[in-house]
Structures are given as C-alpha cells and as structure tokens.
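> Output the structure for:
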Amino acid sequence: MESPQIRLTEWSEGSGCGCKIAPAILDQILSSSGSFSQIDPNLLVGNSQKDDAAVYQISEDMAFINTVDFFTPIVDDPFDFGRIAAANAISDVYAMGGKPIFANAILSWPVEKIAPELAAKVLEGAKRICKQAGIELAGGHSIAAKDPIFGLSVNGIIHPKKIKTNQESKEGDLLYITKPIGIGVLATALKRQKISEKDYVNLLDTTCSLNSIGEILGNHEEVHAMTDVTGFGLLGHLIEMAEGANLSAQVDLAKLPLIEGIQDYINQFIFPDNTYRNWNAFNSKVTGVKGMDLVKLCDPQTSGGLLISVSPENKEWFESTMAKHNQPFWEIGDFFTKGQFVVEVVS
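Alright, predicted model coming up:
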C-alpha cells in the first residue's frame with residue numbers, strides 16, 4: 001500500500017458511514033420536520049419506517065426502489081474510495097431484496113486544492129463496482145466545495161410482494177450476518193497511519209464486496225426481514241429491526257464475526273470516536289454489554305454486511321442456499337417476545 005501525496009482522509013473528521021449525523025440529532029431533525037409526511041398509497045416504503053431505501057409501486061407486479069448514499073473519504077486512494085462508496089450505496093437496494101438497474105453519482109470536490117484527476121479516479125472506482133453489479137453509472141451531479149464527498153443515488157426494481165423491509169422479523173427467527181465487523185476500526189487505523197498492509201487488504205476486501213445475495217433472498221418468503229449494517233453499527237441497525245417488529249433480539253458475542261486483526265487495534269484504543277456516539281444513543285436499550293465489547297457492537301460500518309432474519313424451520317434451507325452461492329454467513333442470535341431491553345447481549 002503506497003501512501004499518495006494527498007491523503008483524502010485528512011479532509012474529514014469522520015470517514016465513510018461514520019460521518020453520519022448522530023442518531024439522536026437525526027431523530028430530532030426528522031421528527032420536527034413535516035417534509036416527510038407521506039399520504040401516497042403507492043409509496044410502499046418511506047422515511048417513516050427507517051428502512052434502507054424508498055419503494056414506490058408503479059404497477060401490479062413492479063415497484064421502483066430508490067436510495068441515495070454518500071460520505072467523506074474512508075481511504076486515501078481515490079479509486080478505492082469510489083469502489084467502497086459505490087458498493088455501500090448499491091447495498092441499500094440489495095437490502096430491500098431488489099435488483100439494482102442504474103445509478104447516478106454525487107460528487108463534491110475542492111477542485112482548487114485537490115486535483116480533478118483524483119476525482120476522475122473516484123468515478124473510475126465507482127464504475128468498476130457498478131460493472132460488477134451489472135448496472136450503468138448513468139450520470140450524476142457535482143459541486144465545487146471545500147470537502148471531498150462521493151456517493152451514488154441507486155435505482156432498482158422489485159415485485160411489490162417480495163420487498164424485504166427491516167421490520168418484519170417474527171418471534172423465534174434466527175439472526176444472521178454476512179460480513180465480519182470491524183470496518184470502522186480499520187478505517188481509523190488507516191486515518192492514524194497505523195494500519196498494516198494485510199489489514200488494509202482486509203478492509204478493501206470487506207467493503208468492496210457486494211451484498212448481491214440480497215437480490216436472491218428477495219425471492220424467498222422464508223427470509224422475513226433484511227437490513228444492512230452501516231454507520232449506526234450492528235447495535236443500532238439491530239435495534240431498528242427489533243423495534244420495527246415489536247420484538248427483542250439476543251446477540252451471542254462469541255459468535256459475532258470480526259475482521260482479522262481488529263482486536264489489536266481496539267487494545268490500542270484505535271477505533272472511531274463515533275463508536276461512543278452510537279453507544280450513547282443506544283445503551284439504554286441494551287443489556288449485557290461488558291467493558292470494551294461496546295466497540296464491536298457500535299463500530300460504525302461502511303458497506304457492511306446484511307442482517308437477515310430467517311424462520312428457524314428454514315435454517316437448513318437458508319444455510320445451504322448461502323453456501324450454494326458462496327456467500328459467507330454467521331448465525332449470531334435470534335428474536336424473541338419483547339422484553340425490558342430491545343437487545344440482550346450474551347457471551
């Protein structure tokens with residue numbers, strides 16, 4: 001890994017999805033704004049459901065998915081930045097069980113301070129991932145601003161009866177995740193110039209991997225709910241799933257997959273500041289978290305894996321399906337009748 005002359009991560013306090021507005025502040029913004037009141041019956045999934053994308057029904061057997069996702073640099077290499085941002089944005093369509101069809105780019109660039117040629121490399125990286133997803137980067141919008149920001153608005157399609165929201169988990173459902181945790185930790189190690197070559201490769205391998213299994217699972221009613229893990233960490237997105245279904249969830253910390261090497265960084269207190277932001281937002285809804293285990297649960301992920309809720313009687317089918325498509329997965333917990341806490345952590 002060669003260090004470029006300009007380190008893109010120096011241009012932002014947070015990085016990747018870790019630069020999201022804090023959950024409490026976001027709730028305040030949305031709750032005090034009337035702009036998201038929704039009365040159109042064809043808007044099947046809107047902002048009121050805290051889901052990954054909007055879904056609009058356009059015919060009896062067709063619904064349109066739209067999402068927008070952008071952030072500040074998570075890595076210094078512009079090509080890799082473009083790849084990660086694109087994979088992260090496209091994931092929202094997969095998390096709904098949908099098929100992405102095309103995307104538009106969103107680019108903010110300080111053209112007088114960072115060469116336009118580097119912005120071109122960001123777009124090249126995004127195009128590479130779009131090609132892997134089988135879609136075109138059709139156009140976009142750009143502005144000259146003081147901070148480099150990049151992302152995509154992604155469009156997709158799905159049958160209205162096959163939508164996978166983050167709110168339909170059932171009591172007794174098993175909880176799976178498709179990527180290991182630790183992206184925020186590694187991104188922070190990179191920002192502090194402490195990351196090893198091997199761990200940088202792990203960071204790229206994890207963040208640039210498409211969650212395309214979501215499109216396949218969208219065709220199966222045995223899968224009750226899905227969401228992807230991003231800036232609010234595993235804990236934040238699991239709380240959204242459990243609260244949306246009026247259930248509680250249990251997570252077995254011993255089963256939680258971690259990207260190789262992140263514990264060494266955690267031991268050195270190398271992890272995002274926004275980890276504490278997430279913990280402060282969610283800790284009153286959680287029990288069983290001990291010491292620094294909160295880092296693993298609250299680490300803000302960028303292009304993280306899917307959280308998937310599956311009926312227990314379909315465990316064998318689900319796991320064989322995932323294996324058939326060479327999709328890594330880990331069973332990490334389950335859902336149960338709503339209790340005092342939204343999430344119980346055991347180890």
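
> just so I have it, where are all the helices in this structure?
In the chain, helices defined by DSSP state H lie at 23-31, 78-95, 116-132, 183-191, 197-207, 213-217, 233-244, 262-267, 274-282, 293-298, 315-324, listed in chain order.

> Next, format these as CSV and append mean neighbour count.
Placement of C-beta: from N, CA and C, glycine included. Output for these, formatted as CSV (neighbours: other CB atoms under 10 Å):
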stretch, mean neighbour count
helix 23-31, 13
helix 78-95, 28
helix 116-132, 18
helix 183-191, 27
helix 197-207, 17
helix 213-217, 23
helix 233-244, 24
helix 262-267, 17
helix 274-282, 21
helix 293-298, 23
helix 315-324, 14
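
> lowest-confidence stretch among the ones you listed?
Looking over the helices of the chain, mean pLDDT reaches its minimum on helix 23-31, with a mean of 61.

> surely residue 99 meets residue 155?
No: the pair residue 99 and residue 155 fails to qualify as a contact (CB atoms under 8 Å) at a distance of 10.1 Å.

> shared neighbours, the two?
When contacts are counted by CB atoms under 8 Å, 6 or more residues apart in numbering, residue 99 and residue 155 are jointly contacted by residue 93.

> coming back round to it: looking at the helices of the chain, which is closest to residue 149?
Checking the helices of the chain against residue 149 by CB to CB gives helix 78-95 as the closest, at 9.1 Å.

> Give me the distance from the closest one to the chain's centre.
Averaging C-alpha positions (CA atoms, centre = their mean, to the nearest Å) puts helix 78-95 9 Å from its chain's average.

> same question, stretch 144-162
Between the mean C-alpha position of stretch 144-162 and that of its chain there is a distance of 13 Å (CA atoms, centre = their mean).

> Would you mark the buried spots in it?
By neighbour count, and taking 16 or more other CB atoms under 10 Å as the criterion, the buried residues in stretch 144-162 are 148-156, 158-160, 162.

> Could I get the CA-only coordinates of that stretch as PDB?
Listed next in PDB are the C-alpha coordinates belonging to stretch 144-162 (Å, rounded to 0.1, in the frame of the first residue of the first chain):
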ATOM      1  CA  ALA A 144     -17.200  22.500  -6.100                       C
ATOM      2  CA  ALA A 145     -17.000  22.600  -2.300                       C
ATOM      3  CA  LYS A 146     -14.400  22.500   0.500                       C
ATOM      4  CA  ASP A 147     -14.900  18.800   1.300                       C
ATOM      5  CA  PRO A 148     -14.400  15.800  -0.900                       C
ATOM      6  CA  ILE A 149     -17.700  13.800  -0.800                       C
ATOM      7  CA  PHE A 150     -18.800  11.000  -3.100                       C
ATOM      8  CA  GLY A 151     -21.700   8.500  -3.300                       C
ATOM      9  CA  LEU A 152     -24.500   7.300  -5.600                       C
ATOM     10  CA  SER A 153     -28.200   7.500  -6.000                       C
ATOM     11  CA  VAL A 154     -29.100   3.900  -6.900                       C
ATOM     12  CA  ASN A 155     -32.300   2.800  -8.600                       C
ATOM     13  CA  GLY A 156     -33.700  -0.700  -8.500                       C
ATOM     14  CA  ILE A 157     -36.800  -2.800  -9.100                       C
ATOM     15  CA  ILE A 158     -38.700  -5.500  -7.200                       C
ATOM     16  CA  HIS A 159     -42.100  -7.200  -7.100                       C
ATOM     17  CA  PRO A 160     -44.300  -5.400  -4.500                       C
ATOM     18  CA  LYS A 161     -44.900  -8.700  -2.700                       C
ATOM     19  CA  LYS A 162     -41.200  -9.500  -2.400                       C
END
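
> returning to that earlier point: and of the buried residues of stretch 144-162, the nearest to residue 58?
Within the buried residues of stretch 144-162, the smallest distance to residue 58 is 9.2 Å, found for residue 160 (CB to CB).

> Excluding covalently adjacent residues, which one is nearest to the closest one?
Setting aside the residues directly before and after it, residue 160 is nearest to residue 63 in space (CB to CB, 6 or more residues apart in numbering), at 4.6 Å.
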